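>>> Predicted model follows, preceded by the sequence.
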Amino acid sequence: MSIDLKTVKHISKLARISIDDEKANKLKGDLNNIFEFIEKLNELNTDNVQALTSIAETTLRFRKDEIKSENIREKILKNSPEENKDFFVVPKVVE
Amino acid sequence: MSDITSQSLFELTSNIKEKKLSSEEITTAFINRAEKSKKLNVYVTDNFEKAIDQSKKFDSNPNLDFKLPGIPIAVKDLFCTNGVITTAGSKILKNFVPTYESTVTQNLWSHGAILLGKLNCDEFAMGSSNETSFFGNVQNPIGENLVPGGSSGGSSAAVAANLTPVTIGTDTGGSIRQPASFTGTVGLKPTYGSCSRYGIVAFASSLDQAGPMTKNVRDCSMLLEVISSFDQKDSTSIDYKRNNYSKELSKDIKGKKIGIPKEYRVDNMPDEIEQLWKNGISYAKDCGAEIIDISLPHTNYALPTYYIVAPAEASSNLARYDGVKYGFRSHGQNLIEMYEKTRSEGFGDEVKRRIMIGTYVLSSGYYDAYYLKAQKVRQLIKKDFDDAFSKVDAILTPSTPSSAFKIGEKTNDPVSMYLNDIFTVPINLAGLPGISIPAGKDKNNYPLGLQVIGKPFDEQNILNISYALEDKINFKNDISNWWLSE
């Protein structure tokens, strides 16, 4: 199976990474090499194998739903790329 | 007394406790050496001024009960440090100042250590040579224009070059053990769930672990003891009784059963690595260990499995870098364009490649064929180890299929770069602890490492085996200080 240019562009759209044609072509080559290497897994029959979803053999812990940090608005907004003391700012979304 | 910066953590700690050295003397010595070592490019951000202040503060009222009393330590730039820029080697985080501290670094400071600075690494820990960092490649102190391994390349170089007594790195597929092997140093990846992942910039959450990188095995046990802890803030942190690893460190490995997996004898493996492995086996025998041939039949499938699981998790984890809440932002006419340009300009090529692989294997129509398949094979790989560990106490393998290679040698061929991690990746997939210790040199005089793999939570056992082997191997890293400036 090989990955064509159209698929590369579709994936880049899904991944929200813009790429030009030159990059897309380069990526197409890289991805095909990598997937050729990955296809090795098809040699194995895994019909009766349970998927491993967690390596730590424990169940997730429950905790009480309580507020542990207060007044952290300033901290949360501190690294915001556009300065505003109350909100995160993005390009206009609603027309 | 030998030069301060060449002392081990054990020696420095003893010298502080016996009041032969002050924290300020030690901190100043490491800073002075760093100032002359810029050519190695190990630091992304230094914390030198604050470190001196903190060392003076420590000396004014020293608490000698601490496990790291006034010891200056630089850490991989993947650990969030409160108030100190944390970049993960990426343009997208180049100005990010965390407002919180990772649990493992907090453990260092709570035991008296002082932050020297943040060490270079591959972008988002994706790489095996430290060449994907936005802040440029790192030089391996063992020789000019050699890679220090990766992704914890700044960390391995800093330990080998005596720029920090010890450090901590992170290991998702070999990122502690491979650079340790390339620089003649010791690196340990703990059992998954042993060290908290809280505050570590996430790459692949089911594989990532923090671990110690040191000059020798004893230092490694001392540092593991400090960083390994149960943490409510990490949902996969495991609550079990941790050892006093340094206290229980012992060279007595008589009667231990050590497995030798035949599948690790890969095609085209250099003779010197085969020889290194044989030497390791004979040293283990000399120490009274019993050598048992074992089989890990799915070894060959580990790398392809890893290159589905890790990018899949990475593509989800890195979805957070959208230019909205923190980090670099590019400008676009609308929200989507802003996201796309931010991520296109903010991420480097290798990170984009992995996000693309991950997005593809998780996308509609391909999930079962790739991601589910990989999770099933991961189960088989884990079962291989479960079976092996019913017969042996530990497994001995080479750490890497080669010694350090030249800068630029593998950058154009992602698959050949990925093959570097062939012996280290299976251990992450199975969640096991593994340690790399320097074990010899190749014909160019470059270091080579051996890996000891243990059962889950059996770090003590692999530390003890390594401690016994280290004594027999008697490795000496000869480093010429070629990079030092006046």
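Sure thing, it's come through.
>>> Show me which residues of the stretch 201-350 of chain B sit near chain A.
B:206, B:232, B:235-236, B:238, B:298, B:300-301, B:303-305, B:307-308, B:315, B:319, B:322-329, B:331-341, B:343-344, B:347 (CB under 8 Å from any CB of the partner chain). Backbone N, C-alpha and C define where each C-beta goes, glycine included.
>>> So how do I select the buried members of the residues you listed in ChimeraX?
Restricted to buried positions by 16 or more other CB atoms under 10 Å in any protein chain shown, the ChimeraX selection for these reads:
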select /B:206,236,238,298,301,303,304,305,307,308,315,322,323,324,326,327,328,329,332,338,339,340,341,343,344,347
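>>> out of the residues of the stretch 201-350 of chain B next to chain A, which are inside helices?
Among these, DSSP state H puts B:303-305, B:307-308, B:315, B:335-341, B:343-344 in helices.
>>> And the furthest pair within the residues you listed?
Using CB to CB, these span at most 37.9 Å, a distance reached by B:L303 and B:L335.
>>> okay, which residue is most central for the chain?
If you meant another chain, say so; for now it's chain A. Compute the mean C-alpha point of chain A, and by CA atoms, centre = their mean the closest residue is A:A15, 6.9 Å away.
>>> should've been chain B
Nearest to the mean C-alpha position of chain B, counting by CA atoms, centre = their mean, stands B:I176 at 2.1 Å.
>>> Quick one: residues contacting that one.
B:I176 is in contact with B:S152, B:S155, B:G169, B:T170, B:G187, B:L188, B:K189, B:G211, B:M213, B:S436, counting by CB atoms under 8 Å, 6 or more residues apart in numbering or on different chains.
>>> Just give me the closest of these to B:R197.
Distances from B:R197 to these, taken by CB to CB, are shortest for B:T170, at 8.8 Å.
>>> Leaving out chain neighbours, which residue sits closest to B:K233?
Leaving out its chain neighbours, the residue that sits closest to B:K233 by CB to CB, 6 or more residues apart in numbering or on different chains is B:Y198, at 4.0 Å.
>>> how about low-confidence regions in the stretch 351-486 of chain B?
The stretch 351-486 of chain B contains no residues with pLDDT under 70.
>>> Can you pull the residues of it lying near chain A?
So the stretch 351-486 of chain B meets chain A at B:352-353, B:355-357, B:359-360, B:363, B:370, B:372-380, B:382, B:414-415, B:418, B:429-431 (CB under 8 Å from any CB).
>>> which of these count as buried?
B:352-353, B:355-357, B:359-360, B:363, B:370, B:373-380, B:382, B:414, B:418, B:429-431.
>>> still on that earlier bit, any idea how far the residue nearest to the centre of chain A is from chain B?
4 Å (CB to the nearest CB, to the nearest Å).
>>> Who are the contact partners of that residue?
B:S315, B:R343, B:I355, B:M356, B:T359.
>>> For it, which non-adjacent residue is spatially closest?
Counting by CB to CB, 6+ apart, B:T359 is the residue found nearest to A:A15 once chain neighbours are left out, at 4.3 Å.
>>> I'd say that neighbour and B:S315 touch.
Yes - B:T359 sits in contact with B:S315 when judged by CB atoms under 8 Å, with a separation of 4.8 Å.
>>> So what's the residue count around the one residue in the stretch 151-300 of chain B that gets nearest to chain A?
Going by CB to the nearest CB, chain A is nearest to B:G193 of the stretch 151-300 of chain B, at 4.5 Å. A count of neighbours around B:G193, defined by other CB atoms under 10 Å in any protein chain shown, yields 24.
>>> Quick check on it: phi, psi?
Backbone torsions for B:G193, taken as degrees, to the nearest 10, come to phi 100, psi 0.
>>> which residue packs closest to it, ignoring adjacent ones?
Excluding its sequence neighbours, the residue lying closest to B:G193 (CB to CB, 6+ apart) is B:I238, at 3.6 Å.
>>> pretty sure the residue of the stretch 151-300 of chain B closest to chain A is touching B:E459, no?
No - counting by CB under 8 Å, B:G193 sits too far from B:E459 to count as a contact (12.0 Å).
>>> where does the stretch 51-200 of chain B dip in pLDDT?
In the stretch 51-200 of chain B (pLDDT under 70), no residue qualifies.
>>> Spit out the contact partners of the nearest residue in space to B:F134 that is not next to it in sequence.
Nearest residue to B:F134, sequence neighbours excluded (CB to CB, 6+ apart): B:K91, at 4.5 Å. Going by CB under 8 Å, 6+ apart, B:K91 touches B:F134, B:F328, B:E345, B:G346, B:F347, B:G348.
>>> repeat that for 10 Å
B:E123, B:F134, B:F135, B:G327, B:F328, B:E345, B:G346, B:F347, B:G348, B:V351 (CB atoms under 10 Å, 6 or more residues apart in numbering or on different chains).
>>> quick one: the fifth one and B:S90 touch, right?
Right, the one you point to is B:F328. Yes - counting by CB atoms under 10 Å, B:F328 touches B:S90, with 8.4 Å between them.
>>> any shared contact partners between the two?
Joint contacts of B:F328 and B:S90 (CB under 10 Å, 6+ apart) are B:F96, B:Y321, B:G346, B:F347.
>>> Just the element for B:I291, please.
For B:I291, the element it lies in under DSSP states H and E is strand B:290-294.
>>> Each with direction, which strands does that strand pair with?
Strand B:290-294 sits in its sheet next to strand B:257-261 (parallel), going by DSSP bridges.
>>> Quick check: buried residues in the partner strand?
For strand B:257-261, burial by neighbour count (16+ other CB under 10 Å) applies to B:I258, B:G259, B:I260, B:P261.
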